[in-house]
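J.: give me a 3D structure for the following:
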Amino acid sequence: MADGYRAVMSDIAATTGENLGANVRRLREARGLSQHQMARLAALPRPTWASLESGAANPTLAVLLRVAGALQVSIE
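T.: So this is what the prediction gives:
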């Protein structure tokens, strides 16, 4: 039972990361900005921004707030 739960939670986490990354990328591209430009606006290293867009990152709330601020969107 525990192994099944872990597998489901792992799948949910992967899907959530991919969705977050796709949304961040779509919003950045809609603004016509590069990863480097957005990372500077968010005061984050560019590799962190790239990890977010790829879905590989597990960002903290502080990082999400910086990203949202740079993209001029709210977190909901």
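J.: only C-alpha atoms from now on, for both contacts and neighbour counts.
T.: OK.
J.: where does this protein have its least confident helix or strand?
T.: helix 2-30 (a mean of 85; mean pLDDT, DSSP states H and E).
J.: measure how far that helix is from the centre of its chain, please.
T.: With CA atoms, centre = their mean, to the nearest Å as the basis, helix 2-30 stands 9 Å off its chain's centre.
J.: average pLDDT for the very next helix or strand once past that helix, rounded please.
T.: Using DSSP states H and E, the helix or strand that follows helix 2-30 towards the C-terminus is helix 35-42. Here helix 35-42 scores 98 as its mean pLDDT.
J.: name the helices or strands packed onto helix 35-42?
T.: Here helix 35-42 is seen to pack against helix 46-54, helix 61-71 when contacts are counted using 3 or more CA pairs under 8 Å, 6 or more residues apart in numbering; DSSP states H and E.
J.: export the longest one to PDB, keeping only CA atoms.
T.: To tie it back to what came earlier, the one meant is helix 61-71. What follows is helix 61-71, C-alpha atoms only, in PDB (Å, rounded to 0.1, in the frame of the first residue of the first chain):
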ATOM      1  CA  LEU A  61       7.600  29.700  -1.900                       C
ATOM      2  CA  ALA A  62      10.200  32.500  -1.800                       C
ATOM      3  CA  VAL A  63      11.400  31.500  -5.300                       C
ATOM      4  CA  LEU A  64       7.800  31.200  -6.600                       C
ATOM      5  CA  LEU A  65       7.000  34.700  -5.300                       C
ATOM      6  CA  ARG A  66      10.100  36.100  -7.100                       C
ATOM      7  CA  VAL A  67       9.100  34.400 -10.300                       C
ATOM      8  CA  ALA A  68       5.500  35.600 -10.000                       C
ATOM      9  CA  GLY A  69       6.700  39.100  -9.300                       C
ATOM     10  CA  ALA A  70       9.000  39.100 -12.300                       C
ATOM     11  CA  LEU A  71       6.100  37.800 -14.500                       C
END
